[in-house]
Structure formats: structure tokens, C-alpha cells
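A.B. asks: what follows is a protein structure lacking sequence information:
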């Protein structure tokens, strides 16, 4: 009979102080990176927008960079009983730094929200949205320190590396191609979007046509068809 060597899958295995509500809340928040992957997949499949596919691919590239850095630096975690592998830089913190950086860059440089007609409300909405993204990302990063999975330096460096990677990557795949369409990156992006593979999968760049990615245009079209159907039913 073959003996089994059992090992724990620590992907979602988080230890926390059961007597602390704060510890429990942070333990839930620390699972965010795992939950973002299916969110990326759902958005990519449902919308067929290139930006979500790019963001997902960049997230994986950022995670690969984290693995390389950990294997190169080989700095231990502060608590060897928690988690496996090296601790510098914190992968959760780097993940969330990238997530916040890429998303905020997109909202700042390419996405234009549909105006409510009131400048104060528009500004308040952006303030709340930006603050929520930053607070969420920082809370996840802080959870790694609070739960003693990483030192403060490992968390800060991880978050910083994620931010820098996210901004640089966004500039390369979105910002520069949009601002300078005749640049090398701009021509490469057009070539990819025009390729037979992207055409077959119906992958598009909605922000190249609409400032809000087509949300208002799609809603207007839906409203027109919806009203037409309602008119037919009332006749």
C-alpha cells in the first residue's frame, strides 16, 4: 500500500485571533487577491473588453515578479509558523498595490464617468470611489502585517512595487497607445485588436470609441428598444 504524504493547501488558510473582531475582519479581507481572479475572468468573458484582459494578465505578471523577488532575496517571514515560502516582498500587498494603481490610472486617464449634471456630485462620486479603492487596498496590505504574516517593511515594499508595476504596465498597454497611436506601442495595440484571434473572440477597446467605454451608449440603445417593446404591448 502506497503511503500518502499529506500537505495543507494554505491558499485560503488564514490564522487569526478568534477573540478579536478586527482580526476576523482582516482575515476576511486578506482573501481579496483570491477572489479577484474569478472577478477578472467574469468581466473579461462578459464584456470582452481588452482592458480587463490586460489587467488580469498584468496581475499575473506582477505575481510572477513577486515570486522571482522572493526567491532572489530569500528573506524569512516574521512568524515561520504562518504561511510557507519567503516573506519579502509581501505578495498580497504587491497584488493590491498593482490592483489599485492600474484601476486608478484607468479611471484618471481614460475612463470618463457619465455626468450627473452637478459638478459637486460628480466630484464627490470620484472622491468616494477613489478613497474606497485606496482604503480597500491598504486594508488588505495592513492585514498581512496585523496577522503577523509579514513585517512592516515586507508589506510596504510589496505595496510600493505593486504600485510602480501597475503604473508602468498601464502606461505601456493603455496610456501610451491611446495618447500616441502612431508609436510602436500604439501600432502594436492596433495590430493585436485587429488580429483574427481578438476578432473571433470579439475582444474590443470600448474606450477607443466612447469616453465611458460605451456604458451610456449601450444604455441608450437598450432604453430605446425597451420603450419600443413597451409601446407595442400597450397598443
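C.D. replies: That came through, no problem. Because the structure is predicted, anything quoted here is derived from the model rather than measured. Numbers count the residues shown, from 1 in each chain.

A.B. asks: low-confidence ranges, this protein, go.
C.D. replies: For the chain, the stretches flagged by pLDDT under 70 are 1-12, 83, 234-235.

A.B. asks: show me where it has its helices.
C.D. replies: In the chain, the segments counted as helices under DSSP state H are 21-29, 32-47, 50-73, 91-109, 119-146, 152-170, 176-179, 184-193, 196-200, 215-234.

A.B. asks: what sits against residue 197?
C.D. replies: Taking Cβ atoms under 8 Å, 6 or more residues apart in numbering as the definition of contact, residue 197 has no neighbours. (Glycine included, C-beta is placed from N, CA and C.)

A.B. asks: picking that back up, I'd like the helices of the chain as CSV, with distance to residue 79 appended.
C.D. replies: Output for the helices of the chain, formatted as CSV (distance: least, Cβ to Cβ, whole Å):
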stretch, distance to residue 79
helix 21-29, 14
helix 32-47, 20
helix 50-73, 16
helix 91-109, 15
helix 119-146, 11
helix 152-170, 12
helix 176-179, 42
helix 184-193, 43
helix 196-200, 46
helix 215-234, 45
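
A.B. asks: buried deepest among the ones you listed, which one?
C.D. replies: Each of those was given a mean neighbour count from mean count of other Cβ atoms under 10 Å, and the largest, a mean of 23, is that of helix 91-109.

A.B. asks: for residue 137, see how far away the spatially most central residue of the chain is.
C.D. replies: Geometric centre of the chain, nearest residue: residue 99, 3.6 Å, by Cα atoms, centre = their mean. Taking Cβ to Cβ, to the nearest Å as the criterion, residue 99 is separated from residue 137 by 6 Å.

A.B. asks: do residue 167 as well
C.D. replies: In this structure, residue 167 lies at 14 Å from residue 137, with Cβ to Cβ as the measure.

A.B. asks: what sits against the residue nearest to residue 100 when sequence neighbours are not counted?
C.D. replies: Nearest-residue entry for residue 100: residue 137, 3.9 Å, with adjacent residues in sequence omitted and distances by Cβ to Cβ, 6 or more residues apart in numbering. When contacts are counted by Cβ under 8 Å, 6+ apart, residue 137 is found next to 96, 97, 99, 100, 159.

A.B. asks: out of these, which is nearest to residue 230?
C.D. replies: Of all those, the one with the least separation from residue 230 (Cβ to Cβ) is residue 99, at 40.7 Å.

A.B. asks: picking up where we left off before, surely the residue nearest to the centre of the chain is in contact with residue 58?
C.D. replies: No. With contacts counted by Cβ atoms under 8 Å, residue 99 stays clear of residue 58, the gap being 9.7 Å.

A.B. asks: is it true that residue 52 touches residue 41?
C.D. replies: No. Counting by Cβ under 8 Å, residue 52 does not reach residue 41; the two are 9.1 Å apart.

A.B. asks: contact partners for residue 73?
C.D. replies: Contact criterion Cβ under 8 Å, 6+ apart gives 86, 88 as the residues in contact with residue 73.

A.B. asks: contacts for stretch 116-131?
C.D. replies: Taking contacts as Cβ under 8 Å, 6+ apart, the residues outside stretch 116-131 that touch it are 104, 107, 113, 115.

A.B. asks: would you turn the residues you listed into TSV with distance to residue 196?
C.D. replies: As requested, those are exported to TSV (distance: Cβ to Cβ, whole Å):
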residue	distance to residue 196
104	33
107	32
113	34
115	38
